[in-house]
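In: Structure for this input, please:
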Amino acid sequence: MIKVDLSLLWTIINLVVFYLLLKKFLFKPVMGIMEKREQMIADGLKNASDRQEEAETLKKEYESALSGAKEESVKIVENARVEAKRQSDEILADADRRADATIERARKTIETERKQALDGVETQIAGLAMQAARKIVDEETRKQGNQAIYDQFLESVGDAHDGKDE
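Out: The predicted structure is shown next:
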């Protein structure tokens, strides 16, 4: 016989509540999104199918119109080639301009970041030098017992460091 205790009952209740919450707040919205997405894909496929049918119809019309006029078709094809070449040249020129602009922006960004990095390194080096000098002077003043030398050094180094930051 299965022993039913209070914790098993609470676990079952929790699972049922959890399932109902998932069903309401997760399954329904996700299914709604999936149905919308499915409808959007179906519409896209239908539009593509319609456009393909239109293209087939236009192709047949053009073939019938061009079959009787070889000279005219040669002119049309030649004009289309010239236009395609012109558009291709325009697209390539525009792409070159954009690429050059992007490269120039990247170079400027790199240069700016390099300068910032160098400035940061210089600041860190100055700080480390100040700490090292402070430790050396501190040891010397302890040995000599001369607090005035220490204070004078800190003032002169502090003034020099403040002048570099500006």
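
In: okay, CA-based contacts and neighbour counts for the rest of this
Out: Will do.

In: With Lys75 as the reference, measure out to Lys59.
Out: 18 Å (Cα to Cα, to the nearest Å).

In: Straight-line length of stretch 24-31, end to end?
Out: 11 Å.

In: what about the longest helix belonging to the chain, average pLDDT?
Out: With secondary structure taken from DSSP state H, the chain has its longest helix at helix 70-144. Average pLDDT, helix 70-144: 85.

In: distance of Lys36 from Ala42?
Out: 10 Å.

In: Find the residues that touch each one of the two.
Out: Common contacts of Lys36 and Ala42 (Cα atoms under 8 Å, 6 or more residues apart in numbering): none found.

In: which SSE is Ala48 in?
Out: For Ala48, the host element (DSSP states H and E) is helix 28-67.

In: what angle do that helix and helix 70-144 make?
Out: 140 degrees (axes from the mean of the first three to the mean of the last three Cα atoms, to 10 degrees).

In: Work out the gap between helix 28-67 and the centre of the chain.
Out: Centroid displacement of helix 28-67 relative to its chain, using Cα atoms, centre = their mean, to the nearest Å, is 32 Å.
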